[in-house]
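**Q** Give me a model of this one.
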Amino acid sequence: MKQHLLLIPEKDDEERNALAQAWENLGGEVQRVAKFWLKPDVLNKKISIYGNDTFTLVLAQVLGVDLISPKDEIIARIGNRWTKRKIKTLPLPIYPKLTYPKFIKPVKPKAFRAQIYNSAADFKKEVHLIPEEEKIIVSEIIKIESEVRSFILDREIKDLACYEGEGDIKEARILAEDFLAHFPEDLPKTFVLDLGYNSTDGWFIIELNASWGSGLNSCQAEKVVECIRAASI
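**A** Numbers count the residues shown, from 1 in each chain. Next up is the predicted model:
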């Protein structure tokens, strides 16, 4: 970790403080950045960035750093074995033909709000200015009674913790390990795997997120620090 610099937002935050401490304990350096749209002095050191989407994406662009992120549409290819619901990637113009309610999110990040839409009319209000060539991810709605976050590095769980509700976390780990061992497509070197639980369907994958922008959510900083380091190139 020597000569490896972690850039985080200046604003105080308990989780980021824990990560910064774990980083420094391993011999790395931490720099808190206020004006993330300006290039900080990093002295040609190896850089990793951790923070909210705007902070991290803008700072990465300023510094010429590549960030490792899972593609949003990969959730539609995972299959019912692990998601316990139908999820499809569809062309935007098909939305009037869908049955509602549906959870809909954009393939292009932040193009519109990812949420449950109760009717085609509701969704039309959200996307009326979005180009028709855009694609959407459409998911059946599934009840979530418990949620677990896991940080992944090279298809290995570095830490896994329940942050909402209750459930057998050992079973959550079994499902995550099954997915990591048997999903046939390439996965990013590091990412966050969020799992959900309900008493009808058991454990299932909710979504995949980027390690560089995900909160620890009860995971231990010292166990996931390598994921944060690997998320920036």
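
**Q** This structure - how does it break down into domains?
**A** By the assignment in automatic domain parsing, the chain contains the domains 4-63, 72-77+143-225, 86-139.

**Q** What ranges does the chain have for its helices?
**A** Taking DSSP state H as the test, the helices found in the chain are 14-25, 53-63, 75-78, 80-83, 120-127, 169-182, 221-230.

**Q** If the most centrally placed residue in the chain is in a bridge, with which residues?
**A** The centroid of the chain falls nearest to residue 209 when counting by CA atoms, centre = their mean (1.3 Å). Counting by DSSP bridges, residue 209 is bridged to residue 192.

**Q** Okay, buried residues for stretch 80-95 please.
**A** The neighbour-count check on stretch 80-95 (16 or more other CB atoms under 10 Å) flags 82-84, 87, 90, 92, 95 as buried. Just so you know, the C-beta spots here come from the backbone N, C-alpha and C atoms, and that holds for glycine as well.

**Q** pull the CA atoms of that stretch into PDB?
**A** This file holds the C-alpha atoms of stretch 80-95, laid out as PDB (Å, rounded to 0.1, in the frame of the first residue of the first chain):
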ATOM      1  CA  ASN A  80     -34.100 -16.700 -12.100                       C
ATOM      2  CA  ARG A  81     -31.800 -19.200 -10.400                       C
ATOM      3  CA  TRP A  82     -30.300 -16.200  -8.500                       C
ATOM      4  CA  THR A  83     -32.700 -13.300  -8.900                       C
ATOM      5  CA  LYS A  84     -36.000 -15.200  -8.200                       C
ATOM      6  CA  ARG A  85     -37.800 -12.800 -10.600                       C
ATOM      7  CA  LYS A  86     -38.000 -12.000 -14.300                       C
ATOM      8  CA  ILE A  87     -35.700  -9.200 -15.400                       C
ATOM      9  CA  LYS A  88     -35.400  -8.100 -19.000                       C
ATOM     10  CA  THR A  89     -33.500  -5.400 -21.000                       C
ATOM     11  CA  LEU A  90     -36.000  -3.900 -23.400                       C
ATOM     12  CA  PRO A  91     -36.200  -1.000 -25.900                       C
ATOM     13  CA  LEU A  92     -37.700   2.100 -24.300                       C
ATOM     14  CA  PRO A  93     -40.600   2.400 -26.800                       C
ATOM     15  CA  ILE A  94     -42.100  -0.900 -25.600                       C
ATOM     16  CA  TYR A  95     -43.100   0.500 -22.200                       C
END
